[in-house]
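Trainee: Build the 3D model from these lines:
(2 chains)
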Amino acid sequence: NAGVTQTPKFQVLKTGQSMTLQCAQDMNHNSMYWYRQDPGMGLRLIYYSASEGTTDKGEVPNGYNVSRLNKREFSLRLESAAPSQTSVYFCASSGGGGLTYNEQFFGPGTRLTVL
Amino acid sequence: TQLLEQSPQFLSIQEGENLTVYCNSSSVFSSLQWYRQEPGEGPVLLVTVVTGGEVKKLKRLTFQFGDARKDSSLHITAAQPGDTGLYLCAGLYGNKLVFGAGTILRVKS
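Mentor: Numbering: from 1, shown residues only, chains lettered A, B, ... in the order given. So this is what the prediction gives:
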C-alpha cells in the first residue's frame, strides 16, 4: 500500500497564478484533510472532508478551494496564489482500521513557494 | 493564540541523556495524540492517550495524559540520534485535531 500520496512535491508559482495540489489515499479511509505547516505555527487545518461528497472549512480556508473527487482523492486549489500562501502543504486521511480517535495518516507534503 | 502550547520549542542534547517535552492547554480534550516528523516528510503517529492519568510506553518513550485531560508529556530515556525530529502533540477537539507548534529535538552523538 502506498498510503497517502501527494503531487507535486515542489512547486514555485508567481503571484496570481493558480494551481491544484493532488492527494490520494489507498486505505479506504472516509475522512481526508488539508493542512499547511509554517515555522513555529504547527499544522493548521485548511479544509476537510468527513466523507465522500462533503467538505467543510477548517481554521484557515481563505484563498483555497477543495474538491472531494471520490473516496480516494481530495484536491486543494489555489485560484490566485499570494506570497502568504508560501508553505508546506500536507494531506492526511483517517477512519477505519480500529483507530477510533481520528488518528491521521499524512502524505509527504508539497513545498510551495509563491514569488 | 495556540490552543495547545508545547515546550520547549527546541531541545539539543547529547546521546544518552533523558528529556521531557510538554504539551499544555486550558481546554479539555477527549484524546491526545503524539506525532513525530522527520525533515522532508509528513508526521507519523506515535501514540494516542485517551483516559486521564493514562501512561503509555513505546520502547524508550513514555507518554502521559494529565488527570484533567488538559495536558500531556513525552519522556525519552537515553536519547539516541535516531530520535532527532519534530515532535507534535495534537488534541481531539470535537471532530478535528488541533496541533501544537511542536518541539524540535536534536540528539548529538
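Trainee: what about the residue in chain B that chain A sits nearest to, which SS state?
Mentor: Each residue of chain B has a distance to chain A, by Cβ to the nearest Cβ, and the smallest belongs to B:G42, at 3.1 Å. Backbone N, C-alpha and C define where each C-beta goes, glycine included. Per DSSP: H, G, I helix; E, B strand; the rest coil, the secondary structure class of B:G42 is coil.
Trainee: residues contacting it?
Mentor: In this structure, B:G42 makes contact with A:V4, A:F90, A:A92, A:F106, A:G107, A:P108, A:G109, judged by Cβ atoms under 8 Å, 6 or more residues apart in numbering or on different chains.
Trainee: ok, those residues vs chain B, which is closest?
Mentor: Nearest to chain B among these, counting by Cβ to the nearest Cβ, is A:F106 at 3.1 Å.
Trainee: tell me the contacts of A:T113?
Mentor: A:Q11, A:V12, A:L13, A:T86.
Trainee: ok, now with 10 Å
Mentor: Under the criterion of Cβ atoms under 10 Å, 6 or more residues apart in numbering or on different chains, the contact partners of A:T113 comprise A:F10, A:Q11, A:V12, A:L13, A:A81, A:P83, A:Q85, A:T86, A:S87.
Trainee: Also B:A79?
Mentor: Neighbouring residues of B:A79 by Cβ under 10 Å, 6+ apart: B:11, B:13-19, B:60-61, B:105-108.
Trainee: Among those, which are located in strands?
Mentor: When the contacts of B:A79 are checked against strands (DSSP state E), the matches are B:L11, B:I13, B:Q14, B:L19, B:L61, B:L105, B:R106, B:V107, B:K108.
Trainee: In space, what's closest to the first one - neighbours in sequence excluded?
Mentor: With Cβ to Cβ, 6 or more residues apart in numbering or on different chains as the measure, B:L105 is the residue that lies nearest to B:L11, at 5.1 Å, once sequence neighbours are left out.
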